[in-house]
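Novice: how would this look folded up:
(2 chains, ligands or ions: 1)
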Amino acid sequence: MTFGSGAMTNSIDEIGQAQVILVSGSNTTEAHPQVARRIYDAVDRGAKLIVIDPRRTRLARHAHLHLRLRPGTDIPLLNAMMRCILDENLVDDLFIEMRTENYFALRDMLLQVDPGQAAAVAGVAESDIRLAARMYARAQRSVICYCLGVTQHICGTGNVRSYANLAMLTGHVEQEFTGVDPLRGQNNVQGACDMGALPVVLTGYQSVTDPVALGKFARAWGVELSNRPGLTVLDMTHGEQIRAMLVMGENPVLSDPRQDHVIATLKGLDFLAVADIFLSETAALADVVFPVATFAEKSGTVTSSERRVQLMHQAIKPVGAARPDGQVIMALSERLGYPMRYDSEAEVMEEICLLTPIYGGIYHDRLDPGWGLQWPCVDRSHGSTQYLHKYAFARGRGRFEPAKHVAPAEAADEHYPFVLMTGRVYHHYHTGSMTRRSLSLMRECGRSLVEMHPDDGRRLGIGPGDPVRLTSRHGSCSFNADLTPRVETGYLYANFHFPESPVNVLIGDASDPIARIPEFKICAVQVERETA
Amino acid sequence: MMMNKNLVMNKDYLVPLLRKLAKTHRLVAPVRNEYGDTLFTIITDLDRTEIDLDHQPQASLKPYFFPQTDTLCRYVIDCDPATGAMDYSFHVQLPQNRPTVYVGVRSCDMFAVMYTDMVFLHEHERDVYYKQRRDNAIFITIACNTPFDNCFCNATRSGPFLESGFDLQLTDLGDRWFVETGRARGAGLTEDWACFFRPADEADKRAQFQAELEARGRFKQLVHVDLASKLLAEDKVPESIFRDLSSRCQDCGGCAFICPTCTCFNITDQPRDEAGGERVRSWDACTFSGFTAMAGGHNSVDVETGRIRRRFLHKLQYDVDRHGRPSCVGCGRCVGMCFGGVDMIRFISMISEAGENGAEAGE
Ligand code: SF4
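Specialist: Model prediction:
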């Protein structure tokens, strides 16, 4: 990758001290309220806020500049911004010289960019792009926060690289209060990635093709490991490459695109086991279901967006037959002929320290009491790392990776005239397997709404709350209409929290060729009012 | 009425006194945990617990009398197999009454208990669940010599020193506590354990007077609570203020949950098995949009600005009409809680500023 590791370069607290904050593809107040709090603090202190988002989110209403781009046009927008930075000589030459490589490739590409044309593609005024470029580049402490609105496109990797290019071009990376911060979802998505829950890496982003790393694991585990990358989730849940599956705490029936394919794949398995705290839609298809402990019933660590590893303690004993996930894995492994005998979570952590350089000094006793440690923390004498890439990028030099616009796979046309974006709402979490069980949250938001501009509603004879049916090239699904100017005419926004409205049946299986993230943010649909 | 007595207690004697009281009472006091949070905590081992009287407890005493979720009764469903008729029977679940000494309660929180008493113990409409927890409570409060950063109890007339409501009020005089008795139970306590106290002399009284005077000068916030109530009553608050603040409110309910005087609740039936379940009361908040939502999803108020209006009008206008004073006790907790900065201080500052400008423009 561009910097060499995938995590927030800053700490969340640093955002409050930034002078310019560029938020892209993130409905921060709803999805990351604790980050939004720092953004409000910074704005109250006089910081400038730039929001890049097709929707007028709550944060966008507070922005000094809202670039309301067409979904999927981050790359032309950023290229236009960078061209402007180049033209106005706001480039950080020293930083580029000392700390980066491949700059000329980016510069040559930018010199071919026509900002006017790029602005037209993105649907944003060229003058606003220039303004954003100046604001971002001129400030000393500029921060970029981005989220799934940037990554869930067929050009997601290119989008992320473009934000990294922008930060490196202006030297906004290696210091406190300035950097590039992807905001992660669950309390432990970062931890899952750190532990190698990605197809190409072992723990701590050690490549599965690296013989030295593999040798180390082979010695610790007494088995040889494969040096071939694994499959992405999308490859696993669509197709016939897999015969048996253990799904832990995921609900792909609702969370992955093309529900029909996912169900067919899961039903076609020889064996499916699901470990979850509730009987999810996926668990309902399983041969064996393991009831597992909730957060309050187990101990261990979680790692937050800001690379902070924190210890959590069991508060109550697991209810009923539930067991902590770790024990399920150990028992299964034992039956499969590879006994694992860990007496405590601390013992598991010791193995993580042994095999994972960035976690090398993160022992349980150092985490308790207090707020934990931020990786990298290579040994016991190493403290917490507040921000990354202080003197050098993880991969040595930061590499510019120029990116070009990629047209979305699911463009609107005369048959499917609306572009649907999907995402989340404040009161629910993912497939709702937990939040739909809370009466208060259901009272706040109890049915699946699709946001539509009031003008479109009027044109189609759709009133507030009316039942509507969305049909894409792949499937169709019903919602109730929420008429709001948060979306522009021609665009719709829906969430995937409700099994009654499994919006992912609409989504195609086109995905980013590198990260294999589906194009959740763009889907062409037609809309009709449903008659009761 | 009984005269309040003024006494003095050596600082070293607080724990020994509490040890005596703990023989017959449960003890609750602020304790700082390993994460640096000070919380009211039930003390089971006085020797291993350090009572923290230097920081404001993050939550008030509210959950001790009005828990976040409270089982009111259990219900059993009887189904007559012959007719298919269903019959519910309810079995009240009263909480235990535990005589408790609450130690280190700051004036605002003491005042808040007196306020919630008005809500829950009003004449004949007594709430038995609240009463059961509230009876036999003793309050050893602590006057605030140094108000915290977000405090404004001077403006709500609920501190920093109280005249009544407490059993004992302690004032820190450096090496000793100045002790005032309030309710009869407090006076009785000083008689039962007279060995820990001595009568206050003139020098003690002067020192106490001085401490109180100085405390009043130490507030960092200037909050015009009465002016705010007046402007609201005269309907002189510009709509734009509600709009601005509302756009920063994310509907989390944190302000109402943390507020010592917010008492809205919801009641739900939670099935436990085929045969029955529990009727549960849980905290609610007027800032939730579901608070006014009707069946079918219609909402009688504009959800976004409506919730902010409900909250501030309730605290600063409706309660003034009903109880003669605002229900905000100036503890400042909502200031630290709200991530959007939609708090009492900001609201009052905004409307008093607008009020001043309006007045100037009018002249
Ligand atoms: S409104 Fe705020 S300051 Fe007033 S009592 Fe409630 S939490 Fe404290």
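Novice: residues in contact with the residue nearest in space to the middle of chain A?
Specialist: When chain A is reduced to its mean C-alpha position, the nearest residue by Cα atoms, centre = their mean turns out to be residue A:148, at 4.6 Å. The neighbours of residue A:148, taking Cβ atoms under 8 Å, 6 or more residues apart in numbering or on different chains as the test, are A:25, A:26, A:185, A:423, A:520, A:521. C-beta here means a position set from N, CA and C on the backbone, and glycine is covered the same way.
Novice: Would you mind splitting chain A into its domains for me?
Specialist: What automatic domain parsing lists as the domains of chain A is A:12-183, A:189-374, A:418-529.
Novice: close to chain B, is the second one?
Specialist: Yes: for domain A:189-374, a contact with chain B is found by Cβ under 8 Å from any Cβ of the partner chain, at A:368, A:369, A:370, A:371.
Novice: Redo these as TSV? Include secondary structure, neighbour count and distance to residue A:261.
Specialist: Shown next, in TSV, are the residues of domain A:189-374 next to chain B (DSSP: H, G, I helix; E, B strand; the rest coil; neighbours: other Cβ atoms under 10 Å in any protein chain shown; distance: Cβ to Cβ, whole Å):
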residue	secondary structure	neighbour count	distance to residue A:261
A:368	coil	13	45
A:369	coil	10	48
A:370	coil	13	46
A:371	coil	13	43
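Novice: ok, and the closest non-adjacent residue to the residue in the stretch 51-200 of chain A that chain B sits nearest to?
Specialist: Going by Cβ to the nearest Cβ, chain B is nearest to residue A:61 of the stretch 51-200 of chain A, at 5.5 Å. Computed as Cβ to Cβ, 6 or more residues apart in numbering or on different chains, the closest residue to residue A:61 that is not its neighbour in sequence is residue B:247, at 5.5 Å.
Novice: May I have the residues that are in contact with the one you found?
Specialist: Contacts were defined as Cβ under 8 Å, 6+ apart; by that measure residue B:247 touches A:58, A:61, A:62, B:304.
Novice: Lowest-confidence entry in these?
Specialist: Minimum pLDDT across the contacts of residue B:247 is recorded for residue B:304, with 74.
Novice: That one: how many residues sit nearby?
Specialist: 16 (other Cβ atoms under 10 Å in any protein chain shown).
Novice: On the three-state scheme, it is what?
Specialist: Under DSSP: H, G, I helix; E, B strand; the rest coil, residue B:304 falls in the helix class.
Novice: I'd guessed it sits against residue B:246; true?
Specialist: Yes: contact criterion Cβ atoms under 8 Å: residue B:304 and residue B:246 qualify, at 4.8 Å.
Novice: about what we covered before: can you put the contacts of residue A:148 in a markdown table and add neighbour count?
Specialist: Listed next are those as a markdown table, based on neighbours: other Cβ atoms under 10 Å in any protein chain shown:
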| residue | neighbour count |
| --- | --- |
| A:25 | 28 |
| A:26 | 27 |
| A:185 | 15 |
| A:423 | 23 |
| A:520 | 24 |
| A:521 | 27 |
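Novice: Give me every residue in the stretch 51-200 of chain B lying close to the ligand.
Specialist: Nowhere does the stretch 51-200 of chain B come near the ligand, counting by Cβ under 6 Å from any ligand atom.
Novice: which residues of the stretch 51-200 of chain B fall in strands?
Specialist: B:69-79, B:86-92, B:100-106, B:121-122, B:125-126, B:137-142, B:168-172, B:176-181, B:197-199 (DSSP state E, counting those that start in this stretch).
Novice: Likewise for the stretch 301-450 of chain A?
Specialist: A:308-312, A:373-374, A:398-399, A:418-423, A:449-452.
Novice: So for residue A:194, which of those sits nearest?
Specialist: Among the strands of the stretch 301-450 of chain A, the nearest to residue A:194 by Cβ to Cβ is strand A:308-312 (8.4 Å).
Novice: name the helices or strands packed onto that closest one?
Specialist: strand A:300-303, helix A:364-367, strand A:373-374 (3 or more Cβ pairs under 8 Å, 6 or more residues apart in numbering or on different chains; DSSP states H and E).
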